[in-house]
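Participant: pasting a predicted model and its sequence here:
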Amino acid sequence: MTKTDSFSLKFNDGWKYDPAPESIDHISIAEQYGLFINGEFVNSEGSKYFKTINPSNGDTLSKISEANKKDVDKAVDAAKAAFKSWSKMDPSDRAKYIFRIARMIQERAREFAVIESLDGGKPIRESRDIDIPLAAAHFFYYAGWADKLEYAFPGKNTKPIGVAAQIIPWNFPLLMAAWKIAPALACGNTVVLKPAETTPLTALKLAEIIKDSGLPKGVVNIVTGAGKTGSYLVEHPDVDKIAFTGSTEVGKLIRRATAETNKKLTLELGGKAANIIFEDAPIDQAIEGIINGIFFNQGHVCCAGSRLLVQESVLDEVSKKLKARLESLIVGDPLDKNTDVGAINSEAQLEKINSYIQVGKKEGLEMFQSNSKVPSKGFFCKPTLFFNVAQSSRLAKEEIFGPVLAIQSFRTVDEAIEKANNTPYGLSAGVWTDKGSKAFNMSSKLKAGVIWANTYNKFDPTSPFGGYKESGFGREGGVHGLKEYLILENQEG
Ligand code: NAP
Ligand code: MG
């Protein structure tokens, strides 16, 4: 028995964590929410509501308004009217509002973290340490740019585009709202945002902050609802720009719907990233990177490292260590501070993930799941590994958006590149190696928008993010993210 084996055995045998739940007595969730239009919470014209639930136990958290076409018209009208003065406001005054929103998110961070975990199922450690601080950081970062756009684009005149319709998914609800709203406002645009049906609460809480911040009425409007509400926004003639994050399927629909219009469009879509481990990599660190790459946020991450490519010479070692590490992952209550893997966001998503697990079983692949218990109530899925997955397998080709890792091997650098690029997606990739030259060589040949070297799933507001191929186009974050919300004209003379 090696030293590592004896350590992991002892570690797993002797320990049990007591529950360490985050308290919920400091949060308030209303029984029912209206739409946030023109600076006020208003009832929907159709008076229709849907429930948002806690996916870890099925409890209803609140009733949410379903915006119909008339509501969307009202929200777009409000944004259009507000654009007249917001776009002309002194940019340093615009910045003050955005800074204020950033500070208010920080002040209410604990409340936001708990609500994010309740509504979406992600572990409290992640919402507390990643989602909420990063959302505030995006507002801070773009507030800083508001009065410096001429330095971002020297020789150009910068003009805001107009009304931006922003449609976001359920995996990082507040963070995606921040990625979209902060740069749009900094550039002088106004916004109508539609959060995802299963996770509307933190966007509605953000609406409270926006109201309290004194942001002029109509600059940000938030309409809740399902896909239909999103399609009203997409089709609205007074929308000048659409920023969409979601599935490639809906991205294609939106591309078609806007084909003969003047609407500007950015699409942040799905992914099937390769996380590549070379034999010279620091293996123990790489194991942590693999775990973080695929099990962060239950694998509901567009840039998840869902295809693991391991150099053949270290495949046995990596496989063994991965299995041992899986045994120590705690799957359970998202509000427990010990939890590593929380609840799957919805029943439909759990069904989708389980159907992929069946695909792997039918293909006769070696599957590994830990012995850890998962709660009997709510939507949970054990972290799952599939070994020796063929390039042609659906597990290697399709986005699962869950805690399922497809493991493959390679022998040479060229084979790794070929396998990694053999996908219709191109959002992200990871490379683990001791050699800087190898990391640079790989990053120039991998067709992906973001490439991490010896780390994974690292995000920063200063760094652009976006895809190639079916992962979409346009960038969010950094100076690149500003460009998507501006009309740039050459200066004369
Ligand atoms: P989705 O079904 O495409 O939904 C995304 C958003 O679009 C939701 O708000 C959804 O409303 C709305 N929507 C649905 N149909 C629409 C339509 N016909 N017109 C306009 N809007 C419509 O995606 P999802 O399942 O929520 O999210 C998972 C996907 O997002 C994954 O594929 C993932 O890779 C991708 N994603 C990409 C990034 C990135 O930056 N590239 C980041 C995160 C996630 P409902 O919620 O009511 O359905
Ligand atoms: Mg929910």
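Facilitator: On my side now, so go ahead. Only a predicted model underlies this, so the values are computations on that prediction, with no experimental measurement involved. Ligands and ions are numbered 1, 2, ... in the order given.

Participant: going by C-alpha atoms from here, please, whenever you check contacts or count neighbours.
Facilitator: OK.

Participant: show me what contacts residue 443?
Facilitator: residue 451 (CA atoms under 8 Å, 6 or more residues apart in numbering).

Participant: and it, which of the three is it?
Facilitator: Secondary structure state of residue 443, per DSSP: H, G, I helix; E, B strand; the rest coil, is helix.

Participant: what does the stretch 251-400 of the chain have sitting close to ligand 1?
Facilitator: Within the stretch 251-400 of the chain, the positions adjacent to ligand 1 are 268-271, 301-302 by CA under 6 Å from any ligand atom.

Participant: I'd like the residues you listed laid out as JSON lines, including distance to residue 140 and neighbour count.
Facilitator: Putting those into JSON lines (distance: CA to CA, whole Å; neighbours: other CA atoms under 10 Å) gives the following:
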{"residue": "268", "distance to residue 140": "22", "neighbour count": "26"}
{"residue": "269", "distance to residue 140": "25", "neighbour count": "28"}
{"residue": "270", "distance to residue 140": "27", "neighbour count": "28"}
{"residue": "271", "distance to residue 140": "28", "neighbour count": "33"}
{"residue": "301", "distance to residue 140": "24", "neighbour count": "25"}
{"residue": "302", "distance to residue 140": "24", "neighbour count": "23"}
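
Participant: quick one: which of the residues you listed sit in strands?
Facilitator: Using DSSP state E, the subset of these located in strands is residue 268.

Participant: just give me the closest of the residues of the stretch 251-400 of the chain next to ligand 1 to residue 372.
Facilitator: residue 301 (22.8 Å; CA to CA).

Participant: one step back: ok, which pair from the residues of the stretch 251-400 of the chain next to ligand 1 is furthest apart?
Facilitator: In these, two members sit farther apart than any others by CA to CA. They are 268 and 301, at 11.9 Å.

Participant: list the contacts of residue 75.
Facilitator: The contact partners of residue 75, by CA under 8 Å, 6+ apart, come to 37-38, 192, 218, 221-223.

Participant: turn the residues of the stretch 251-400 of the chain next to ligand 1 into CSV, including pLDDT and distance to residue 389.
Facilitator: Listed next are these as CSV, based on pLDDT from 0 to 100; distance: CA to CA, whole Å:
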residue, pLDDT, distance to residue 389
268, 98, 27
269, 97, 24
270, 96, 20
271, 98, 18
301, 98, 21
302, 98, 20
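
Participant: what's the local residue count around residue 445?
Facilitator: Counted with other CA atoms under 10 Å, the neighbours of residue 445 add up to 13.

Participant: can you check the one 5 residues further on too?
Facilitator: Other residues near residue 450 number 23, with proximity taken as other CA under 10 Å.

Participant: and it, bridged to which residues?
Facilitator: Applying DSSP bridges to residue 450 gives these bridge partners: residue 428.

Participant: make sure it is actually in contact with residue 428.
Facilitator: Yes: Residue 450 is within contact range of residue 428, at 4.5 Å (criterion: CA atoms under 8 Å).

Participant: list residues touching both of these two?
Facilitator: Common neighbours of residue 450 and residue 428 (criterion: CA under 8 Å, 6+ apart): residue 467.

Participant: and the protein, what are its domains?
Facilitator: Annotated domains of the chain cover 3-17+271-453, 32-269+468-490 [automatic domain parsing].

Participant: quick one: what helix or strand has the residue of the stretch 201-350 of the chain found nearest ligand 2 in it?
Facilitator: Closest contact between the stretch 201-350 of the chain and ligand 2, by CA to the ion, is at residue 345 (7.3 Å). Per DSSP states H and E: residue 345 is located in neither a helix nor a strand.

Participant: let me see the contact set for it.
Facilitator: Contacts of residue 345 (CA under 8 Å, 6+ apart): 55, 120-122, 170-171, 198, 379.

Participant: repeat that for residue 74.
Facilitator: Going by CA under 8 Å, 6+ apart, residue 74 touches residue 37.

Participant: can you pull the phi/psi pair for it?
Facilitator: Here is the backbone geometry of residue 74 (degrees, to the nearest 10): phi -60, psi -40.
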